[in-house]
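In: Need coordinates for the following:
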Amino acid sequence: MRDTAPPKQLAFDLPLDPRYGREDFLVGPANEAAYALIEAWPDWPDPVLLLTGPPGSGKSHLAAIWAARAHAWTVPAAGVRADGVTHLVSNGALVIEDIHREEGRDEAALFHLLNHARERRAPVLLTSARPVDTLALRTADLRSRLRLAPGAQILAPDDALLRAVIVKLFVDRQLVVDLGVIEALALRIDRSLGRAREVVAELDRDALGRGRRITKPLALAVLDRMGVGEEE
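Out: Coordinates of the predicted model:
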């Protein structure tokens, strides 16, 4: 019997540049406090502020919005070295991403930078995937400084925000899907924007490889293959 199934296409896993504009950020109860903090600049309660939230929750997006407004440099925590502290702070506003990452993190340099920033009243925005008290920090003074930093925690999204983000993720990839697909994903995945991003990316790859549009049955099949279920 002749195989009438459409031939599979090559699915190139090309990186999708995230859209970090202010107009691209969706605000809901989970992140409104963090968004308000960013919007309040330059009237911050302290030169050093801390955003915490799980991976994919929008910390980097908010940091990028603030960096554009404040003309800030952005560096990973591992990029803060003792010989570069003065240079980083003297250049004005600064974003330090992912201070929870231990690899390459120089605690003494980070502590020195925060002190230097306070002395110069240079604004610094820190991001972390975990609360300060759960970080593996050997330097008590650094932990104390981070505890004193005002900030906001991004919580798990509510249903409305999760659905809105799923729609946006499809739109960003120029994909048109039925409402049933959105509902199926929102009901099956955990309340994590990072998880939503992973699932939409996998659906895009699968549909492209099959040469098919994304339907609810296809979405459910991909979720089953990924092991994504209501127990999450």
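
In: Measure how buried the closest residue to V181 other than its chain neighbours is and give me the count.
Out: Among residues not flanking V181 along the chain, A219 sits closest, at 5.0 Å (CB to CB, 6 or more residues apart in numbering). Glycine gets a C-beta too; all of them are placed from N, C-alpha and C. When neighbours are defined as other CB atoms under 10 Å, A219 has 25 of them.

In: same question, the one 4 residues further on
Out: With neighbours defined by other CB under 10 Å, the count for L223 comes to 19.

In: If you average the pLDDT over stretch 52-61, what comes out?
Out: Per-residue pLDDT over stretch 52-61 has a mean of 90.

In: wouldn't the residue nearest to V181 be in contact with E183 here?
Out: No - look at A219 against E183 with CB atoms under 8 Å: they stay out of range, at 9.8 Å.

In: Within the helices and strands, which one has A152?
Out: When elements are assigned from DSSP states H and E, A152 belongs to strand 151-153.

In: I'd like to know which elements that strand is packed against.
Out: Secondary structure elements in contact with strand 151-153, counted by 3 or more CB pairs under 8 Å, 6 or more residues apart in numbering; DSSP states H and E, are helix 32-39, strand 48-52.

In: how does this structure divide into domains?
Out: 28-153, 159-226 (automatic domain parsing).

In: Of the ones you listed, which is nearest R22?
Out: Comparing the domains of the chain against R22 with CB to CB, the closest turns out to be domain 28-153 (5.0 Å).

In: Endpoint to endpoint, that closest one covers what distance?
Out: 13 Å (CA to CA, to the nearest Å).

In: Point me to the helix or strand that includes the residue nearest to V181.
Out: Per DSSP H and E: helix 216-226 holds A219.

In: mind listing the helices for this structure?
Out: 32-39, 59-70, 85-90, 107-120, 140-148, 159-172, 179-188, 193-210, 216-226 (DSSP state H).

In: And the first one, how far out from the chain middle?
Out: What it means is helix 32-39. Relative to its chain's centre, helix 32-39 lies at 15 Å (CA atoms, centre = their mean, to the nearest Å).

In: ok so, going back, so for the helix holding A219, what gets flagged as buried?
Out: For helix 216-226, burial by neighbour count (16 or more other CB atoms under 10 Å) applies to 216, 218-220, 222-223, 226.

In: what residues does that helix touch?
Out: For helix 216-226, the surrounding residues in contact (CB atoms under 8 Å, 6 or more residues apart in numbering) are 178, 180-181, 184-185, 188-189, 198-199, 202-203, 206-207, 210, 212, 229.

In: likewise stretch 160-176?
Out: With contacts defined as CB under 8 Å, 6+ apart, stretch 160-176 is touched by 16, 19, 24, 26, 28-31, 157, 177, 182-183, 185-186, 189, 191, 193, 196-197, 200, 204, 207, 213-214.
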